[in-house]
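A.B. asks: whatever this is, show me its structure:
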Amino acid sequence: MSDQIYKSFKISLNTFTMPASVLSVRKNPDGTCGEIRFFAINDIFKKSYYDLFIETEHDRNISYDDFDEVIEGQLYTAHLPKEPKFEAIVFDAAWNGKHIHTYVDTTKMYGYWTEDLLFPVVCPGCEDEQDPDVRYCQFMYTLNREMDTGKFASVSPDISSFVIKSCLELRNEKDFSESINTVIKDLREYTKSYAAAIITVLSDQQEFDVISESVRNDELCIKDIFAHIPYEIVDSWEKLCRETDSIIIKDEADMAHYEKLAGPWVSTLRANNVTSLCLFPLIHNGVITGYLYITNFDVDDMERIKQTIELVSFFLTAEVANHTFLERLEYLSNVDMLTGVFNRNCMNVNVDELSIKLEICPQPFNVAFCDLNGLKTINDNGGHDQGDKLLVYAADVLKKIFPDDKIYRAGGDEFTIISFNSKPQFEEKIRILREQASDPEWLHFAIGYYHDESSGRLRLAMRYADEEMYKDKNLFYEKYPDKRR
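C.D. replies: Here you go, the predicted model:
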């Protein structure tokens, strides 16, 4: 077991608020699934697993504190019966890059339905330590009691039919965006609303996003409206929802009531001609992950609309939470957390894909390598905090000058840019960058770039740009020898 890979995964796993583990999956020489082991687990997984599977007298003598050693590094079959279906999805996740979300009836085994989430994971920078025949996937689960089918008993057949139709749409093989957009459009039409949307929320990052919307006759764009609404407005909904399972505004009296509680939010409603509204929180594992937002509905049909939205939101919750989680995971695995530009792992993947595309269909492109001169001096004299500030500032300058291009942090002090601008356009950006990054005491880039007109050989262009960057760097240190690393 690689200590670096293990520590990296262990730290990552313990940021999750549900049972999570990383499984190591070995591929046999014939390409089939080999050994599957619990490589690392988080504390919540440990507690859940301990409570569920401690059965034998031998196991009962194992203390909770020592239970990591009982699981980590062991074959999954040490405590679970061999399950080909499970092995198939684990192998698909680890080796085929699949993201898998499934519900399994394990009530006979554990008394619960199990909701499983699996996806591939890598440890950036650990390639040299990784066994080439082993890959990893993250496995997370929740245990759920049977669905409360009594919710369906008292609703009308047309509501039940609509909800079932929505469920089938959500569970089909279509792309998530296509399915969710269909459900939201159907919901708007069924409730005779003017507009309907799903808004996801990441409270720790103070961000929200309109991931699906439907407006009568496409008269406006909800995403554009919310682009001008501060996060604090959306954040205020959580406090309002603490006392009720939903917020419903059906008349001016309701509007006035909420105006007293959340004046800035209601002001945005009035400004956008909203006279009635249903706001249902989507709660997953006790956390609000988003909202179902419906405006200007038929208030004379309030009860039917409320029942419909309540039931549909129940099924939307898991799908939206899963989507949000995967989107966030993709962001974390592709973006450098310090600077906000793409990381080296993302660059490697993009370069592989783009190289193939350019070989098949060549088109003009540009590559630039921008290496910070004197970062070590900044770190030595001002500390690493000062060095981090320089890196953040450098990335901000690059993002401002190259807003439509791919920017990667390729190494500690090196950034790479790939652009499809024309040669004159790109060279103008390089000129501006040289002007803005020419302070030898702070931000100074060694820059090398290359324009490829038609060969489509991306990696060769990157090598040429890298060589030019080192020539530029040597000129800098000839001029400022005291800053040589």
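A.B. asks: quick one, what contacts the closest residue to residue 88 other than its chain neighbours?
C.D. replies: Nearest residue to residue 88, sequence neighbours excluded (C-beta to C-beta, 6 or more residues apart in numbering): residue 33, at 7.2 Å. Where you see a C-beta, it was placed from the backbone N, CA and C, and this is true even at glycine. Applying C-beta atoms under 8 Å, 6 or more residues apart in numbering to residue 33 gives the contacts 25-27, 87-88, 90-91.
A.B. asks: check the gap between residue 33 and residue 130 for me.
C.D. replies: Residue 33 is 18 Å from residue 130, where distance means C-beta to C-beta, to the nearest Å.
A.B. asks: still on that earlier bit, now the contacts of residue 33 in JSON lines, with distance to residue 465, neighbour count and pLDDT?
C.D. replies: Below are the contacts of residue 33 laid out as JSON lines (distance: C-beta to C-beta, whole Å; neighbours: other C-beta atoms under 10 Å; pLDDT from 0 to 100):
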{"residue": "25", "distance to residue 465": "37", "neighbour count": "24", "pLDDT": "94"}
{"residue": "26", "distance to residue 465": "39", "neighbour count": "16", "pLDDT": "93"}
{"residue": "27", "distance to residue 465": "36", "neighbour count": "17", "pLDDT": "93"}
{"residue": "87", "distance to residue 465": "45", "neighbour count": "17", "pLDDT": "81"}
{"residue": "88", "distance to residue 465": "44", "neighbour count": "12", "pLDDT": "76"}
{"residue": "90", "distance to residue 465": "41", "neighbour count": "23", "pLDDT": "88"}
{"residue": "91", "distance to residue 465": "39", "neighbour count": "22", "pLDDT": "90"}
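A.B. asks: quick one, strands of the stretch 351-485 of the chain?
C.D. replies: Secondary structure of the stretch 351-485 of the chain (DSSP state E, counting those that start in this stretch): strands located at 365-372, 406-409, 414-419, 445-452.
A.B. asks: which of these sits most buried?
C.D. replies: By mean neighbour count, with neighbours taken as mean count of other C-beta atoms under 10 Å, strand 365-372 ranks first of the strands of the stretch 351-485 of the chain at a mean of 25.
A.B. asks: please name the nearest non-neighbouring residue to residue 188.
C.D. replies: Leaving aside its chain neighbours, residue 188 sits nearest to residue 196 (3.9 Å; criterion: C-beta to C-beta, 6+ apart).
A.B. asks: checking that neighbour next. Helix, strand or coil?
C.D. replies: Secondary structure for residue 196, judged by DSSP: H, G, I helix; E, B strand; the rest coil, is strand.
A.B. asks: and it, what is it in contact with?
C.D. replies: Counting by C-beta under 8 Å, 6+ apart, residue 196 touches 184-185, 187-188, 213-214, 292-295.
A.B. asks: what do you get for residue 333?
C.D. replies: Residues near residue 333 by C-beta under 8 Å, 6+ apart: 121-122, 124, 345-346.
A.B. asks: please report which of these has the highest neighbour count.
C.D. replies: Per-residue neighbour counts (other C-beta atoms under 10 Å) across the contacts of residue 333 peak at residue 121, which has 21 neighbours.
A.B. asks: follow-up on the earlier one: going by distance to residue 257, which of the contacts of residue 33 wins?
C.D. replies: Nearest to residue 257 among the contacts of residue 33: residue 90, at 51.3 Å, using C-beta to C-beta.
A.B. asks: which of the helices or strands spans the closest one?
C.D. replies: Using DSSP states H and E, the element containing residue 90 is helix 84-96.
A.B. asks: what helices and strands are in contact with that helix?
C.D. replies: Counting contacts by 3 or more C-beta pairs under 8 Å, 6 or more residues apart in numbering; DSSP states H and E, helix 84-96 packs against strand 20-27, strand 33-41, strand 100-106, strand 112-121, strand 134-144.
A.B. asks: what about burial for the contacts of residue 196, which qualify?
C.D. replies: Neighbour counting with 16 or more other C-beta atoms under 10 Å marks 184, 187-188, 213-214, 292-295 as buried within these.
A.B. asks: of those, closest to residue 321?
C.D. replies: Proximity of those to residue 321 (C-beta to C-beta) peaks at residue 292, which lies at 13.0 Å.
A.B. asks: what residues are bridge-paired with the closest one?
C.D. replies: Assessed by DSSP bridges, residue 292 has beta-bridge partners residue 198, residue 280.
A.B. asks: that one: what's it in contact with?
C.D. replies: With contacts defined as C-beta under 8 Å, 6+ apart, residue 292 is in contact with 196-198, 278-280, 282, 309, 312-313, 316.
A.B. asks: ok, residue 342 next?
C.D. replies: Residue 342 neighbours (C-beta under 8 Å, 6+ apart): 334-336, 350, 406-409.
A.B. asks: could I get the contacts of residue 196 as a markdown table with pLDDT and distance to residue 328?
C.D. replies: Shown next, in a markdown table, are those (pLDDT from 0 to 100; distance: C-beta to C-beta, whole Å):
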| residue | pLDDT | distance to residue 328 |
| --- | --- | --- |
| 184 | 91 | 21 |
| 185 | 92 | 26 |
| 187 | 90 | 25 |
| 188 | 92 | 27 |
| 213 | 93 | 21 |
| 214 | 94 | 25 |
| 292 | 92 | 20 |
| 293 | 93 | 21 |
| 294 | 93 | 25 |
| 295 | 94 | 27 |
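A.B. asks: possible to save those residues as TSV with distance to residue 481 and secondary structure?
C.D. replies: What follows is those, written out as TSV (distance: C-beta to C-beta, whole Å; DSSP: H, G, I helix; E, B strand; the rest coil):
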residue	distance to residue 481	secondary structure
184	63	helix
185	66	helix
187	68	helix
188	68	helix
213	59	strand
214	64	strand
292	64	strand
293	62	strand
294	67	strand
295	66	strand
